[in-house]
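J.: okay, here's the prediction I keep looking at, along with the sequence it came from:
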Amino acid sequence: MSGNTLTDNNENNIMDTADDPRVKTFAEIIKKQYQLPQKQALRDSRYFMTFLTTNDLLEEKNFLQLKNLAEIKYLTQKQCVVLEEELQINTTKPEYESFVTSLFKINAKTLSPSFFNNSFIDPKQIFFFQESYPQADQIALSFVELCAAKSGILLDQEELTQLYYSYLFNILNEIPINIFRDKVKIAIDFSQGAVYTKYIYNQVKQFDNLNIVITNSLSNDCDIYLSNIYDPLIKKRQVIWENPPLAEDWAFLGDVIVDVKQKKYGKTRDEETK
């Protein structure tokens, strides 16, 4: 199913379920159907059980029967250490349980012989995530590097790309966006009055997924000043909308946010390595 030929070398990567009645029953069926030796039928049946489990088609308790369970747990733990150091969090806390569980499942699937691509995301779209979520991107790349080094299966570039997406989306789905350091603080101040300023505020909130913080006053830690009047005394990045914003104005603001995130995260990382 995944293009792999099962051999004795796969014994450490498939379910340790030779005594499972489901495995025995299926082994008997394929033994008769395909005239297989008993050993091969059992191995194929265990492989199929591994495929169903690691692709979330069977109950979670079956993961405990993986012969390489310790290896999967070790990889997951190393990746959690990377995440904790990068975000200054503790993944043993209840709020991160879903993230760790999903990470474990990704690793269990990747380190099994039943691993195959199940995503059709264009590799060219990686550039969007690298720009929009620079810190999550770096964490996902670190996860891929650790997994590839641990995997006994040689992963091609397409598989590595899809693995990157699996890690990245798990990070973005399960880790609160406000924990990441690459947040951008935007000060909004329009002279048209409080009602108009509130309208702009609510519209800018649509960029929340880019990890922005909106304030109504300028401060030293602000990154972008959004107004209808340019102020030469303000040394922050200024985005000026003299008229109600059009589509191109929103696109420009998005570009400025991404640019600030890139520079801020890059500067932070450079400072940490000094």
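T.: Perfect, thanks for sending it. Numbers count the residues shown, from 1 in each chain.

J.: state the distance from L226 to I240.
T.: Between L226 and I240 the distance is 8 Å, computed by CB to CB, to the nearest Å. Using the backbone N, CA and C atoms, a C-beta is placed for each residue, glycine as well.

J.: between those two, which is the more surrounded one?
T.: Of the pair L226 and I240, L226 is the one with more neighbours under other CB atoms under 10 Å, namely 23 against 12.

J.: SS state for that one?
T.: Three-state assignment for L226 (DSSP: H, G, I helix; E, B strand; the rest coil): strand.

J.: show me what the helix or strand containing V256 is packed up against.
T.: Using DSSP states H and E, V256 sits within helix 247-273. Where contact means 3 or more CB pairs under 8 Å, 6 or more residues apart in numbering; DSSP states H and E, helix 247-273 is packed against helix 126-132, helix 134-150, strand 184-189, strand 224-227, strand 237-240.

J.: which of the residues in that helix are buried?
T.: Applying a neighbour-count criterion of 16 or more other CB atoms under 10 Å, one finds 253, 256-258, 260-261, 264-265 buried in helix 247-273.

J.: angle of it against strand 184-189?
T.: With axes from the mean of the first three to the mean of the last three CA atoms, to 10 degrees defining the directions, helix 247-273 sits at 130 degrees from strand 184-189.

J.: taking helix 134-150 as reference, get the angle to helix 247-273.
T.: Between the axis of helix 247-273 and that of helix 134-150 there is an angle of 60 degrees, by the same axes, to 10 degrees.

J.: can you give me the mean pLDDT across helix 247-273?
T.: Here helix 247-273 scores 79 as its mean pLDDT.

J.: re earlier: select from the helices and strands packed on helix 247-273 the stretch with the lowest mean pLDDT.
T.: Looking over the helices and strands packed on helix 247-273, mean pLDDT reaches its minimum on helix 126-132, with a mean of 86.

J.: please list the outside residues in contact with that one.
T.: Around helix 126-132, the neighbours that count as contacts under CB atoms under 8 Å, 6 or more residues apart in numbering are 136-137, 161, 164-165, 168, 210, 258, 261-262.

J.: can you tell me which of those residues are buried?
T.: Among the contacts of helix 126-132, those classed as buried by neighbour count (16+ other CB under 10 Å) are 136-137, 161, 164-165, 168, 210, 258, 261.

J.: which of the residues you listed sits closest to Y230?
T.: Among the buried ones among the contacts of helix 126-132, V258 lies closest to Y230 (CB to CB), at 21.8 Å.

J.: so the nearest residue to that closest one once chain neighbours are set aside versus V204, what's the distance?
T.: Here the nearest residue to V258 in space, its sequence neighbours aside, is E131; by CB to CB, 6 or more residues apart in numbering that works out to 5.0 Å. In this structure, E131 lies at 19 Å from V204, with CB to CB as the measure.

J.: please say which of those two ends up with more neighbours.
T.: It is V204, of E131 and V204, that has more neighbours when counted by other CB under 10 Å, with 20 against 15.

J.: quick check, K31 in contact with R43.
T.: No - if you go by CB atoms under 8 Å, K31 and R43 don't touch, sitting 11.1 Å apart.

J.: distance of Q79 relative to D223?
T.: In this view, Q79 and D223 are 30 Å apart by CB to CB.

J.: cool, and K263?
T.: Here the criterion is CB to CB. By it, K263 lies 9 Å from D223.

J.: which residues are in contact with each of those two?
T.: Looking at what touches both K263 and D223 (by CB under 8 Å, 6+ apart), there is no common residue.

J.: about what we covered before: in a markdown table, list the helices and strands packed on helix 247-273 along with distance to S102.
T.: Compiled in a markdown table, those are given as follows (distance: least, CB to CB, whole Å):
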| stretch | distance to S102 |
| --- | --- |
| helix 126-132 | 18 |
| helix 134-150 | 12 |
| strand 184-189 | 27 |
| strand 224-227 | 33 |
| strand 237-240 | 36 |
